[in-house]
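Visitor: My questions are about this predicted structure, shown below with the sequence.
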Amino acid sequence: MRRFSLIAVPYIWLLALFLIPFLIVLKISLSDAALAIPPYAPQLDFAGGWGAVKAFFADLDFENFEFLTTDDLYWKAYLSSLKIALISTGFTLLIGYPIAYSMARAAPEWRPTLLMLVILPFWTSFLIRVYAWMGILSNEGLLNQFLLWSGLISEPLTILNTNTAVYIGIVYTYLPFMILPIYSALEKMDDSLLEAAEDLGCSRTSAFWLVTVPLSKTGIIAGCLLVFIPTLGEFVIPSLLGGSQTLMIGKVLWEEFFNNRDWPVASAVAIILLLILIIPIILFQRNEQKQREAEGQ
Amino acid sequence: MKRFSWFNATALTLGFAFLYLPMVILMIYSFNESKLVTVWAGFSTKWYGELIQNEAFLNAAWVTIKVAVFSSTIATILGTMAAYVLVRANRFKGRTLFSGMIYAPLVMPEVITGLSLLLLFIGIGLDRGVLTIVLAHTTFAMCYVSVVVSSRLVSFDRSLEEAALDLGCSPWQAFRLVTLPIIAPAVISGWLLAFTLSLDDLVIASFTAGPSATTLPIKIFSAVRLGVSPEINALSTIMIAIVTIGVIGASLISKQASLKQQRDEQAAARG
């Protein structure tokens, strides 16, 4: 009995507040928009008996999904989210890898402090970290003041409200997610492997590419997916740092829901976003599994 | 022998400068006299004074803390139960679905979690307010808690619990007297994680909050959409200071606790 309630309480909680809401989104994405509150039809009415249930299923259709293919705003938004997520994941890796690598080479007594310095920004508000860049990147912001003062540019650059600002924001906020898994892979690496490679005639550079990078592969994959997956549906960064031309699907979904109040279309947008995310999520799970097996040996 | 080169030193310096400079600049400019955030006009604490008098912010802060305390506490209880089930109960009907529901919210985009919960609350006619935000935050935070706690439970020596049961403890007593003290560090860090996730959340709260309850992130977001303001800088500085003190304090305490444990173990080994 005790065992039953131990399982049942969290189970029922998740069914009621995770699975059922998700099924509701799925259902509404197949419903028609209506000028009502809630602004969609049809609703399932069990009082009507079997006939009502049949009518309910007959009313469901893929209209909203068809609508998404006719208006090119949506597929442009998906493509541009994918592009932004891919490019910023690449930049995060380029910046994060040298940091993680250097942390793993630091003296062991320094490493807990360095690790703490990477984790600390993660505990501070995401919103504040994005906001901090608004004052730096604006036309009369500190970056432009500095560049004008140093004589590198003669006119202020427009960075805020462009895609460049979005890339900077994503790299900045997600950098710890990239550093941590790569660091934990590199920290476990056995240094004698590098010595062996060099004894056998490898240059230091080729030893890095042939030994260090392959050994940190699981860390690189985990880091890239930890950045890519949340970036794809990102809302805060494009709406604060991006401009009107920055198209990201998280923002489109938000506007569809709050501004246009078109719930069925917003739900269809959400379902397609999830379908796109399934592949990277499965890749991530398999990578984690591999890592666990490697550690178990 | 590891070689720490000039390259490593440069990478770390630039990397940490990149991570910390924006926040340091933000904090410095919170003490700026001028309303124009980018022009330095001398030191002043007037924005802190205005912040304290801003009732809308104070109310939002109070709502946020209430939501965070309730949701992280419920999430810790549910998450620990879920971790126990995941690690200990190997076979029961629907186990795959259960572990799927624990891991899925971790990767679910926030806009989708928020949207789906809002549609549920409207569907069952629940008025949006503090209660709905607590329910929403509890749901995603319990998944994080259960991941943290289950990683500790996996490495836990089960024979200790069995010994307690053999010596006449009830299962609940064994859990309370043996298991809980050992997994306590993970439970506490799970609670802290849930607490900060709740404090921090904008997207899910925006979907699930009604007009009667506004959280601090929602308030900050609507203010900064209009541009940079010194009051928000002051508020951010206070929040960063609290988090920094909290995290460093917690890590010092846990370091001391683990040192003490080491000493105790050594003493016990010497007998």
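Guide: Structure received.
Visitor: Tell me where the chain is predicted with low confidence.
Guide: This is for chain A. A:1, A:33-60, A:296-297 (pLDDT under 70).
Visitor: hm, I was asking about chain B
Guide: Those would be B:1-2, B:37-38, B:271, if you go by pLDDT under 70 across chain B.
Visitor: could you pull out the helices for it?
Guide: B:6-29, B:46-53, B:55-88, B:95-107, B:110-123, B:130-154, B:158-166, B:171-174, B:180-200, B:203-208, B:216-224, B:230-270 (DSSP state H).
Visitor: who does the fifth one touch, helix- and strand-wise?
Guide: When you say that, I think you mean helix B:110-123. helix A:20-29, helix A:249-258, helix A:263-296, helix B:130-154, helix B:203-208 (3 or more Cβ pairs under 8 Å, 6 or more residues apart in numbering or on different chains; DSSP states H and E). From N, CA and C alone the C-beta is placed, and that goes for glycine too.
Visitor: What separation do you get for residue B:142 and residue B:191?
Guide: Counting by Cβ to Cβ, to the nearest Å, the gap from residue B:142 to residue B:191 is 11 Å.
Visitor: any common contacting residues for those two?
Guide: B:75, B:76 (Cβ atoms under 8 Å, 6 or more residues apart in numbering or on different chains).
Visitor: Tell me which of those two has more neighbours.
Guide: residue B:142 (31 against 21; other Cβ atoms under 10 Å in any protein chain shown).
Visitor: is it true that that one touches residue B:82?
Guide: Yes - with contacts defined as Cβ atoms under 8 Å, residue B:142 counts as touching residue B:82 at a distance of 6.4 Å.
Visitor: Find residues that contact each of those two.
Guide: A:10, A:14.
Visitor: In the stretch 151-297 of chain A, what residue lies closest to chain B?
Guide: residue A:233 (2.8 Å; Cβ to the nearest Cβ).
Visitor: unless I'm mixing things up, that residue is touching residue B:109, no?
Guide: Yes - counting by Cβ under 8 Å, residue A:233 does reach residue B:109; the two are 2.8 Å apart.
Visitor: who's in contact with the closest residue to chain A within the stretch 51-200 of chain B?
Guide: Nearest residue of the stretch 51-200 of chain B to chain A: residue B:109, at 2.8 Å (Cβ to the nearest Cβ). Contact partners of residue B:109, counting by Cβ under 8 Å, 6+ apart, are A:230, A:232, A:233, A:250, A:270, A:273, A:274, A:277.
Visitor: Let's see that with 10 Å instead.
Guide: A:229-235, A:249-250, A:253, A:270, A:273-274, A:277, B:115, B:203 (Cβ atoms under 10 Å, 6 or more residues apart in numbering or on different chains).
Visitor: Please report phi then psi for the residue nearest to residue B:200 when sequence neighbours are not counted.
Guide: In space, and not counting its chain neighbours, residue B:200 is closest to residue A:125: 5.0 Å by Cβ to Cβ, 6 or more residues apart in numbering or on different chains. Note on residue A:125: backbone dihedrals following degrees, to the nearest 10 are phi -60, psi 130.
Visitor: Wait, residue A:125 touches residue B:220, no?
Guide: Yes - using Cβ atoms under 10 Å, residue A:125 makes contact with residue B:220 at a distance of 8.2 Å.
Visitor: what residues are shared contacts of these two?
Guide: A:131, B:202, B:235, B:236, B:239.
Visitor: Run through who's touching stretch A:135-153.
Guide: A:133-134, A:154-162, A:164-165, A:168-169, A:241, B:21-22, B:25-26, B:29, B:36-39, B:224, B:227-230, B:232-233.
Visitor: Tell me, how many residues neighbour residue B:122?
Guide: Residue B:122 has 17 nearby residues by other Cβ under 10 Å.
Visitor: if I look at it, how far off is residue A:124?
Guide: Counting by Cβ to Cβ - residue B:122 and residue A:124 are separated by 33 Å.
Visitor: One more: residue B:13?
Guide: For residue B:13, the distance to residue A:124 - Cβ to Cβ - is 21 Å.
Visitor: So which of those two has more stuff around it?
Guide: A direct count of neighbours by other Cβ under 10 Å for residue B:13 and residue A:124 places residue A:124 higher, at 21 against 11.
Visitor: Helices along the stretch 101-250 of chain A, start to end?
Guide: A:111-123, A:126-137, A:142-150, A:163-187, A:191-199, A:204-207, A:213-215, A:217-232, A:236-241, A:249-258 (DSSP state H, counting those that start in this stretch).
Visitor: Turn those into a markdown table, including mean neighbour count.
Guide: Listed next are the helices of the stretch 101-250 of chain A as a markdown table, based on neighbours: other Cβ atoms under 10 Å in any protein chain shown:
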| stretch | mean neighbour count |
| --- | --- |
| helix A:111-123 | 17 |
| helix A:126-137 | 23 |
| helix A:142-150 | 14 |
| helix A:163-187 | 23 |
| helix A:191-199 | 13 |
| helix A:204-207 | 12 |
| helix A:213-215 | 13 |
| helix A:217-232 | 22 |
| helix A:236-241 | 23 |
| helix A:249-258 | 22 |
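Visitor: who wins for proximity to residue A:31 among those helices?
Guide: Closest to residue A:31 of the helices of the stretch 101-250 of chain A, according to Cβ to Cβ: helix A:249-258, at 14.6 Å.
Visitor: is that closest one anywhere near chain B?
Guide: Yes - against chain B, helix A:249-258 shows contacts by Cβ under 10 Å from any Cβ of the partner chain at A:249, A:250, A:251, A:252, A:253, A:254, A:256, A:257, A:258.
Visitor: and the last one, what does it touch?
Guide: It stands for residue A:258. Counted by Cβ under 10 Å, 6+ apart, residue A:258 has contacts A:266, B:206, B:207.
Visitor: that older thread, I'd like to know which of the contacts of stretch A:135-153 are buried.
Guide: A:133-134, A:157, A:159-162, A:164-165, A:168-169, A:241, B:22, B:25-26, B:29, B:37-38, B:224, B:228-230, B:232-233 (16 or more other Cβ atoms under 10 Å in any protein chain shown).
Visitor: thought residue B:85 was touching residue A:10?
Guide: Yes - between residue B:85 and residue A:10 there is a contact under Cβ under 10 Å: 6.7 Å.
Visitor: what touches both of the two?
Guide: B:98, B:102, B:146.
Visitor: which residues sit in contact with the first one?
Guide: Same thing as residue B:98. Counting by Cβ under 10 Å, 6+ apart, residue B:98 makes contact with A:7, A:10, A:11, A:14, A:15, B:82, B:85, B:86, B:89, B:92.
Visitor: So which of those is surrounded by the most neighbours?
Guide: residue B:82 (29 neighbours).
Visitor: Now for the nearest residue to residue B:144 once chain neighbours are set aside, how many residues are close by?
Guide: Counting by Cβ to Cβ, 6+ apart, residue B:193 is the residue found nearest to residue B:144 once chain neighbours are left out, at 5.4 Å. Residue B:193: 21 surrounding residues under other Cβ under 10 Å.
Visitor: Next up, the contacts around residue B:193.
Guide: By Cβ under 10 Å, 6+ apart, the neighbours of residue B:193 are A:122, A:123, B:72, B:75, B:76, B:79, B:141, B:144, B:145, B:147, B:148.
Visitor: 7 Å - rerun?
Guide: With contact set as Cβ atoms under 7 Å, 6 or more residues apart in numbering or on different chains, residue B:193 has these partners: B:144, B:145, B:148.
Visitor: One more: residue A:172?
Guide: Counting by Cβ under 7 Å, 6+ apart, the residues that residue A:172 touches are A:129, A:133, B:22.
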